[in-house]
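Novice: 3D model of this:
(chains A, B, C, D, E and F)
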Number of protein chains: 6
Amino acid sequence: MPIVTIQQFPRDLAQKRELARRVTEAFVEVYDLKPESVQVFFNEIDGEGWAKGGVMGCDRSPT
Amino acid sequence: MPIVTIQQFPRDLAQKRELARRVTEAFVEVYDLKPESVQVFFNEIDGEGWAKGGVMGCDRSPT
Amino acid sequence: MPIVTIQQFPRDLAQKRELARRVTEAFVEVYDLKPESVQVFFNEIDGEGWAKGGVMGCDRSPT
Amino acid sequence: MPIVTIQQFPRDLAQKRELARRVTEAFVEVYDLKPESVQVFFNEIDGEGWAKGGVMGCDRSPT
Amino acid sequence: MPIVTIQQFPRDLAQKRELARRVTEAFVEVYDLKPESVQVFFNEIDGEGWAKGGVMGCDRSPT
Amino acid sequence: MPIVTIQQFPRDLAQKRELARRVTEAFVEVYDLKPESVQVFFNEIDGEGWAKGGVMGCDRSPT
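Specialist: The predicted model follows:
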């Protein structure tokens, strides 16, 4: 522990790599943990698997 | 919030669209929330990713 | 299945009772399922367990 | 209930079949449940969806 | 990994201890893993946090 | 989105406040998002709800 699960829209590997590095660093510095104790999971969802305001992501107009 | 996560067998988009609309409506009416505060996630699992009674879905006989 | 998990602020039992009834009804009607196949879990989080915009719920001013 | 969710690296069906059988058996024997009350979900993650120690699985050297 | 999350009704510590031991053993034997790589989380839910068939657990008659 | 769920041992509010602030900042900078789009949930587990290596946290000797 800790185990971090991130639900997000799909992102490319470079962004996930940088995000995981920074999130892990936050845990190491704030909680005083060893980096290897931190695991991060990316759970990527597209617009056919998510709705907001009762409207599927794929049906929403871009904002 | 609220965040609603639905684990289900794969469904077509039309069904998910209607389901998300009705689930969101239930939150708006019962909890008196704005629709945009409700997010729904569909997490679809097939018969090779799920077991019941110790038997994988893909090995179960249809009922 | 389906299994529905709802992350929400704490609500009283009467509201959860009505919400579970209506969410289950939506699945029965849209997916043509038996009611007993639908399970709903409430995962209630208070302002010390949730942050938005980088600010803990208990530190946010009411809107 | 119970509902068992397993986050793991991809495994072949034969391994998941055996694992689900044994995990379900553990619940039946320890909690004295009927097998059909136990559901197991496999959530498989590859090296582009998981990081440990701030390093993506796909970037880690094999150990 | 693997990370095992168990949603269940409250159980006493002795039962969870035995269940965790057996579930971990299943992973070690079926997947050929070291025991320390297996983590098990118990997420206990009572009858005011769960509904089946649209009826809250606390309102269901015992079966 | 994104929605970040953190499974961790109990921490005091000051640590969670700082962690949420830094995790959100990472998303804003790496993914170029508005802070308000990021939600963080803390799911705290004690030694009677977690096992590693088949041994409950409350039974493990401190390391």
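Novice: would you map the strands across chain A?
Specialist: Listed in chain order, the strands of chain A (DSSP state E) span residues A:3-8, A:39-44, A:50-52, A:55-56.
Novice: just the angle between the first one and strand B:3-8, please?
Specialist: Right, the one you point to is strand A:3-8. If you take axes from the mean of the first three to the mean of the last three CA atoms, to 10 degrees, strand A:3-8 sits at 90 degrees to strand B:3-8.
Novice: mind listing what residue A:5 touches?
Specialist: Listed by CB atoms under 8 Å, 6 or more residues apart in numbering or on different chains, the contact partners of residue A:5 are A:40, A:41, A:43, F:4, F:5, F:7. C-beta: built from backbone N, CA, C; applies to glycine.
Novice: now swap in residue A:6 and tell me
Specialist: Residues in contact with residue A:6 (CB under 8 Å, 6+ apart) are A:19, A:40, A:41, A:42, A:43, F:2, F:3, F:4.
Novice: partner residues bridging it?
Specialist: The residues paired with residue A:6 through beta bridges, assigned by DSSP bridges, are residue A:42, residue F:4.
Novice: wait, isn't residue A:33 in contact with residue A:26?
Specialist: No: using CB atoms under 8 Å, residue A:33 makes no contact with residue A:26, being 10.2 Å away.
Novice: what is the neighbour count of residue A:60?
Specialist: With neighbours defined by other CB atoms under 10 Å in any protein chain shown, the count for residue A:60 comes to 13.
Novice: so what's it closest to, chain neighbours aside?
Specialist: Nearest-residue entry for residue A:60: residue A:52, 7.0 Å, with adjacent residues in sequence omitted and distances by CB to CB, 6 or more residues apart in numbering or on different chains.
Novice: now do the contacts for that neighbour.
Specialist: A:60, B:36, B:38, B:39, B:40.
Novice: any idea how far residue A:60 is from residue A:2?
Specialist: Shown here: residue A:60 relative to residue A:2, a distance of 33 Å by CB to CB, to the nearest Å.
Novice: check contacts around residue A:4.
Specialist: Applying CB under 8 Å, 6+ apart to residue A:4 gives the contacts A:23, A:27, A:38, A:39, A:40, A:41, F:4, F:5, F:6, F:7.
Novice: residue A:33 and residue A:26: which is more packed in?
Specialist: Per other CB under 10 Å, whichever of residue A:33 and residue A:26 has more neighbours is residue A:26, with 21 against 15.
Novice: surely the more buried one touches residue F:24?
Specialist: No: using CB under 8 Å as the test, residue A:26 is too far from residue F:24 to be in contact (9.7 Å).
Novice: what number of residues lie near residue A:19?
Specialist: Residue A:19: 25 neighbours (other CB under 10 Å).
Novice: chain neighbours aside, what residue packs nearest to it?
Specialist: Closest residue to residue A:19 apart from its sequence neighbours, by CB to CB, 6+ apart: residue F:30 at 4.7 Å.
Novice: neighbours of that neighbour, how many?
Specialist: By the criterion of other CB under 10 Å, residue F:30 has 19 neighbours.
Novice: confidence score at it?
Specialist: The score at residue F:30 is 98. That number is its pLDDT.
Novice: which residues touch it?
Specialist: For residue F:30, the residues meeting the contact criterion (CB under 8 Å, 6+ apart) are A:15, A:18, A:19, A:22.
Novice: mind checking how far residue A:41 is from chain D?
Specialist: 6 Å (CB to the nearest CB, to the nearest Å).
Novice: check what pLDDT that residue gets.
Specialist: pLDDT, the model's per-residue confidence, is 97 for residue A:41.
Novice: averaged pLDDT, stretch A:10-20. What do you get?
Specialist: Over the span of stretch A:10-20, the pLDDT mean works out to 98.
Novice: okay, now the residue nearest to residue A:43 when sequence neighbours are not counted: neighbour count?
Specialist: Of all residues beyond its chain neighbours, the one nearest residue A:43 is residue A:7 (4.9 Å), with distances taken as CB to CB, 6+ apart. Each residue near residue A:7 was counted by other CB under 10 Å, and the total is 22.
Novice: relative to residue D:8, how far out is the closest residue to residue A:20 other than its chain neighbours?
Specialist: Taking CB to CB, 6+ apart, and ignoring the residues beside it in sequence, residue A:20 has residue D:51 as its nearest neighbour in space, at 3.6 Å. With distances taken as CB to CB, residue D:51 is found 15 Å from residue D:8.
Novice: please say which of these two ends up with more neighbours.
Specialist: When residue D:51 is set against residue D:8 and neighbours are counted by other CB under 10 Å, the residue ahead is residue D:51, at 27 against 20.
Novice: list the contacts for that one?
Specialist: The neighbours of residue D:51, taking CB under 8 Å, 6+ apart as the test, are A:16, A:17, A:20, A:21, A:24, A:39, A:40, D:57.
Novice: all set, thanks.
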